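*Asks:* what's the 3D shape of this:
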Amino acid sequence: MSADLAKKLQLGIDELAIIRQQLTPLISLPATSAGVIERAAACAMLHSFYTEIEKVLKLIALEWDGEMPASEAWHRQLLNQMSAPTADRPAVLSPVLVEVLGEFLAFRHVFRGASIALMRWEKLQPLLAKVGQTYDQTEAEIRTFIRFVEARSE
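*Replies:* Predicted coordinates for the structure are as follows:
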């Protein structure tokens, strides 16, 4: 396990906060104002939001657990791994957060394989509306894990 894991996790949370802040104008955008540029921005930012969370979870999996899922379904398995306690750590994510993150993961898969021009605002808006609460819960749960890591390092 890396001696500076807590610092790396904090950096990930700081970067996630920036992405969350950049999403703010899109979250409150009325459907009538959402053209292709706004839809493209929303898609890219939602992808970045989830990807940053996943980067933090990968750090924990690699540097604390010492293993990452390796199958084609590794993204989902990573969420499951982080929601299960191990002999060396408590669960990092709550089941409720894993369920919500699963929605962002599902979007990520759609985004990577679909045309942005075909993305509909009615489908993006509900996920955008979840960004604030998802950020708050993710930050709180990762900060709890950071405190655990710091306590173990003392």
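
*Asks:* Does the residue nearest to the spatial centre of the chain lie in a helix or a strand, and which?
*Replies:* Nearest residue to the geometric centre of the chain (C-alpha atoms, centre = their mean): Ile53, 2.9 Å. Ile53 is part of helix 36-59 when elements are defined by DSSP states H and E.

*Asks:* Tabulate the CA atom coordinates of that helix in CSV.
*Replies:* Below are the C-alpha coordinates for helix 36-59, written out as CSV (Å, rounded to 0.1, in the frame of the first residue of the first chain):
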residue,chain,number,x,y,z
VAL,A,36,-26.4,19.8,-29.6
ILE,A,37,-23.5,21.8,-28.1
GLU,A,38,-25.1,21.7,-24.6
ARG,A,39,-25.9,18.0,-25.0
ALA,A,40,-22.3,17.3,-26.1
ALA,A,41,-21.0,19.2,-23.1
ALA,A,42,-23.4,17.4,-20.7
CYS,A,43,-22.3,14.0,-22.1
ALA,A,44,-18.6,14.8,-21.9
MET,A,45,-18.9,16.2,-18.4
LEU,A,46,-21.0,13.3,-17.1
HIS,A,47,-18.4,11.0,-18.5
SER,A,48,-15.6,12.9,-16.8
PHE,A,49,-17.6,13.0,-13.5
TYR,A,50,-17.9,9.2,-13.4
THR,A,51,-14.4,8.6,-14.7
GLU,A,52,-12.9,10.7,-11.9
ILE,A,53,-14.8,8.6,-9.3
GLU,A,54,-13.6,5.5,-11.0
LYS,A,55,-10.0,6.7,-10.9
VAL,A,56,-10.3,7.1,-7.1
LEU,A,57,-11.8,3.7,-6.7
LYS,A,58,-9.0,2.2,-8.9
LEU,A,59,-6.4,3.7,-6.6
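
*Asks:* Need the distance between the two termini of stretch 124-135.
*Replies:* 17 Å (C-alpha to C-alpha, to the nearest Å).

*Asks:* Show me what counts as buried in it.
*Replies:* Going by neighbour count (16 or more other C-beta atoms under 10 Å), the buried part of stretch 124-135 is Leu124, Gln125, Leu127, Leu128, Lys130, Val131, Thr134, Tyr135. (Each C-beta comes from the backbone N, C-alpha and C, glycine too.)

*Asks:* re earlier: so for the helix holding Ile53, mean pLDDT?
*Replies:* Helix 36-59 shows a mean pLDDT of 94.

*Asks:* ok, of the buried residues of stretch 124-135, which one's closest to Gly12?
*Replies:* Using C-beta to C-beta, Tyr135 comes nearest to Gly12 of the buried residues of stretch 124-135, at 12.3 Å.
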